[in-house]
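# A structural model of the following input is requested.
(chains A and B)
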Amino acid sequence: MSALLNQFLTEGRDFLEAIGAKLLELERASEPEQGPLMVELFRLVHTLKGNSGLFDIPEMTRVLHAAEDLMDAVRDGRVEFSRDLADHLLEAMDFVSLLIDEIAEASGDGQPPSTSGHAREAVRLGEALRGLMAESIQTPDAGDQPDAASASNGADSGSASETGGWLDDLPESVRDDLQNLLASGESLCRLLYRPEEECFFKGEDPFFQLTQLPEPIWRRVGAREDWPRLAELDAYRCVLEFELILSTDVETLIEHFRYVPDQVEIQPLSASMLDTSVSTATEPDSDESEPPPPWAGLSPEALESIRLALEAQREILTLGDSPAWLGGRLRAVGSTLAAILTSLGRDPATSGLGTALEAALATDSGTYLVRWLDHQTWPEAKPAAPEPVRAAIVTPAPSHPTTTASAPTAASTPDEAVNEPVKFGRRAEDQLANLRTLKVDQAKIDRLMNLIGEMVVAKNALPYLAARAEDLYGVRELSREIKTQYGVINRIAEEMQDAIMQVRMLPVSFVFQRFPRLVRDIAHKLGKEVRLIMEGESTEADKNIIESLADPLIHIVRNSLDHGLESPAERRAAGKPPEGRLTISARQESDRVLIEISDDGRGIDPDVIRRKAYEKGIIDEAALERLNDQEAVNLVFAAGFSTAEQISDLSGRGVGMDVVRNAIARVHGSIDLRSRVGEGTRLRLSLPLSMAVTNVMIIESAGQRFGVPMDAVAETVRVARRDIRVIKKRLTTVLRGRLVPLVALNDLLALDAPQLANDDDELAVLVVRIEKEYLGIIVDDCRETIDIILKPLAGFLGDLTGYSGSALLGDGSVLLILNPRELL
Amino acid sequence: MPIEVSDNQLVVRELLSVEDAESLLDWLIQHPRGRLDLTDCTHLHAANLQVLMAARPKIAAWPSRDALADWLRAALIQEDTTHVQDDSGG
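Got it, this is the predicted structure:
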């Protein structure tokens, strides 16, 4: 599932929940309180609708659109908020929630599955919502009147005038053809398509829609009104009207017109329809075979529910038992059938139903009614709905007051006892079961982190305990057992730590996603052509790390675009393709995240850098000679260095790469710059996956213990006192052919004690690496390395930059962690 | 622009898009006796269809694509009965 869809589903559920809560609140709220709530509710529905438009879910968008229009009317006071209205909105939201669940279950390939199975329900809900609006507005304004309502009105009036004779309109030859096709088992449909007037402005091409269908057997292209004189014709107000007979099944057509279900009428053709229309010619007085089927004007969903109702009646009648209430049951069936006849536009009194019912009651059996049923002409039964879900939704929900244009559907099932519809109305109960994603306050995760931190510390106490058991009490066995136990707890603690860390992980795409736009805009501004390539967006790292990356990365990208990549003309002159390439890639390497930003631009000229650095007083003359090219290139990281000839509004505002380097260093990352003149520049950021646990080495000095982060430690050595020399008033020694300056920790920390040497008069030296420079710190002793949870110093202690924080040790003592970079 | 004009004849090439409907209408207003050559037309947007239906110009050549030609014939060659019936529907 694509990240976007995933996010939509998660957010959608949140929105639905909020909408539901707001609706309930609105019901309770007093008049003056309703205003702001209403605005808020509108905003929620509006946003959700907008989001749904990103995906191919017309059913959802349709319902939400209707809800939005209704809310808009409520907000403006055109429609009064009522319990009935809230019911409808809640029902609509339940429908949306059902769609969301369905999409969440089915999605595999990043595209939402087709939800066309719900198209009818969507139309029904949409019309119901719009109906509420139309009802309250006494004088429907043509401009305000939503298209669905007007379209259905149009359909109604159209069917009244037209269904009377559309079959007779067909040429004899066509009718024969149809009959032959039907006889050979083809499924035929009549399609009436009236695109709405504004459809051209929505980018629709109704004619194209039709040409995508299979070749029709018969067609008529007309207009809803007389054509005006050419000079007065508005080419962009669609008044077309198409009528077709196709050899397709209803489902295909519904799917084909799923975006405009309210503008089409689809009607399956049956042989009986053609038969009756033929037979009318010979015996026009026949009661049961009026020329046009009287239900021709009903919508497909109405016909479908009638069919279901009829099936249910038949089932009830054929029940084998004969309970005491059989008479009541037969009467119930009788009244249901009468209601169906009414909604089909037939008169129950003349249908013989009454006689059949009397006969049935007299004989205490449903046989007569079944026989009556068999002798009636009913609307063509369509193929049974394929999946049960579908059938459940196609069934109208009579429990909801239907006040709308789709009134016939409600009339078709007046008898709820016999035709219990599957309700999907209130989904409040089953909603909780399938929550997949939790939204958790970060503070809660942080608390978990702290707790696991304490757990790690507490766990670290066990080795001390083991040592005491052995040394102090001389119980070796116990000591060993404690150590075994420690191993187990250690494993679990580490896994817990890992799990919690996973929770905090974010993909780098969080930062990367804004680059395409950024690069495009900047490149456009600079008149450069740039192709951005991004790789490894799914690489994950701790939230804090990712967040701290955002600003440095943007700065680097800007630099690349501004200074690195040349203009198309320059590139062509250099024999490169005019389009520059900027690659941003991320990948994980053991416990670090590597982010590389490379371009194929002009690169950094070390000589230019040397000269600039000298001019700005960053390096002296001696250094000018001494620095090799790589070292020179690294000068761009020096504070106060900016190479831009002209200060543009993009980069080169004096905040240079030193800011970038510091920002990266703050999260214990490092940065590496490689560049070749004319070929391009590559910056590589290396960041820890997580900052939660720090590996430190414990050192001793002046009787105190300190920690030094392991990533700063290059090595620990013993240096004989006689090997230490003083050069330019600084202690220095030679380590593996390299000159390493030395400082005493006690001096750095202003501890008034000399550094202690061991019995061989050797001093312990901790060699730390700071920006590729090596430096030795003389300490009294180096001890073990441990994992600690680093807690930053709080309050006024926080200003002591020489310490990066403190940690609790297993024996309960506090360990101060040195920050070598700041200390030196 | 997929429309070529020669004298009193409009030759339509490939696709008539929704934007072309305006110019088609203009041309038909200015050339009431204009003839249309649709041989190379592959599709026309419904707005154009509407214009053609209102104007009923002489078709010099129907599209060579049968499917489109069938549709256009159905739309442009009609008995008047269908027309009368439409009035009540509007």
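
# which residues of the stretch 101-250 of chain A score low on pLDDT?
Applying pLDDT under 70 to the stretch 101-250 of chain A flags the ranges A:107-113, A:116, A:135-169.

# and the strands in it?
Using DSSP state E, counting those that start in this stretch, the strands found in the stretch 101-250 of chain A span residues A:188-193, A:218-223, A:240-246.

# out of those strands, flag the one nearest residue A:378.
strand A:188-193 (17.6 Å; CB to CB). Using the backbone N, CA and C atoms, a C-beta is placed for each residue, glycine as well.

# strand A:218-223 and that closest one, what's the angle between them?
Per axes from the mean of the first three to the mean of the last three CA atoms, to 10 degrees, the angle that strand A:188-193 makes with strand A:218-223 is 10 degrees.

# adjacent strands (with direction) for strand A:188-193?
Next to strand A:188-193 in the sheet, as set by DSSP bridges, lie strand A:240-246 (antiparallel), strand A:264-269 (antiparallel).

# helix or strand right after the longest one?
If I follow you right, that is strand A:240-246. Next helix or strand after strand A:240-246 toward the C-terminus (DSSP states H and E): helix A:250-256.

# looking at this, residue B:60 is in a strand?
Yes. With DSSP: H, G, I helix; E, B strand; the rest coil as the criterion, residue B:60 is located in a strand.

# make a markdown table out of the strands paired with strand A:188-193 and add mean neighbour count.
Putting the strands paired with strand A:188-193 into a markdown table (neighbours: other CB atoms under 10 Å in any protein chain shown) gives the following:
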| stretch | mean neighbour count |
| --- | --- |
| strand A:240-246 | 22 |
| strand A:264-269 | 22 |
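
# mind checking which of the ones you listed is nearest residue A:445?
Evaluated over these, closeness to residue A:445 peaks at strand A:264-269, with 51.5 Å, by CB to CB.

# average pLDDT across that closest one?
The average of the pLDDT scores along strand A:264-269 is 81.

# go on, stretch A:816-824?
Rounded mean pLDDT across stretch A:816-824 is 82.

# who touches that stretch?
For stretch A:816-824, contacts defined as CB atoms under 8 Å, 6 or more residues apart in numbering or on different chains pick out A:665, A:694, A:696, A:706-709, A:712, A:743, A:748, A:768, A:770, A:775, A:777, A:788, A:790, A:801-807.

# just to revisit the earlier point, columns distance to residue A:624 on top of the strands paired with strand A:188-193, output as CSV?
What follows is the strands paired with strand A:188-193, written out as CSV (distance: least, CB to CB, whole Å):
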stretch, distance to residue A:624
strand A:240-246, 80
strand A:264-269, 81
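
# make a PyMOL selection of the buried ones in the contacts of stretch A:816-824.
Buried members of those, defined by 16 or more other CB atoms under 10 Å in any protein chain shown, are picked up in PyMOL with:
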select buried, chain A and resi 694+696+706+707+708+709+712+743+748+768+775+777+788+790+803+804+805+806+807
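
# and residue A:608, how many neighbours does it have?
For residue A:608, the count of nearby residues is 12 (other CB atoms under 10 Å in any protein chain shown).

# do the same with residue A:517
Residue A:517 is flanked by 10 other residues according to other CB under 10 Å.

# for chain B, see how far away residue A:624 is.
Applying CB to the nearest CB, to the nearest Å, the value for residue A:624 to chain B is 65 Å.

# that residue - how many residues pack around it?
Residue A:624: 13 surrounding residues under other CB under 10 Å.

# if I've got this straight, it is in a strand?
No. Residue A:624 is assigned helix when assessed by three-state DSSP, not a strand.

# whatever helix or strand residue A:705 lives in: how far from the chain's middle?
In the assignment (DSSP H and E), residue A:705 maps to strand A:704-709. Taking the mean of its C-alpha atoms, strand A:704-709 sits 46 Å from the chain's own mean (CA atoms, centre = their mean, to the nearest Å).

# got the contact list for the helix or strand just after it?
Reading on from strand A:704-709 to the C-terminus, the next helix or strand found by DSSP H and E is strand A:713-720. Strand A:713-720 is contacted from outside by A:697, A:733, A:735, A:742, A:758, A:760-769, A:774, A:776, A:782, using CB under 8 Å, 6+ apart.

# if we go to 7 Å?
Residues outside strand A:713-720 that contact it (CB atoms under 7 Å, 6 or more residues apart in numbering or on different chains) are A:697, A:733, A:735, A:761-769, A:774, A:782.

# over to stretch A:632-640?
Residues from elsewhere that reach stretch A:632-640, judged by CB under 7 Å, 6+ apart: A:604, A:606, A:609-610, A:613, A:616, A:618-619, A:641, A:643, A:656-658, A:661, A:673, A:675.

# cheers, nothing more for now.
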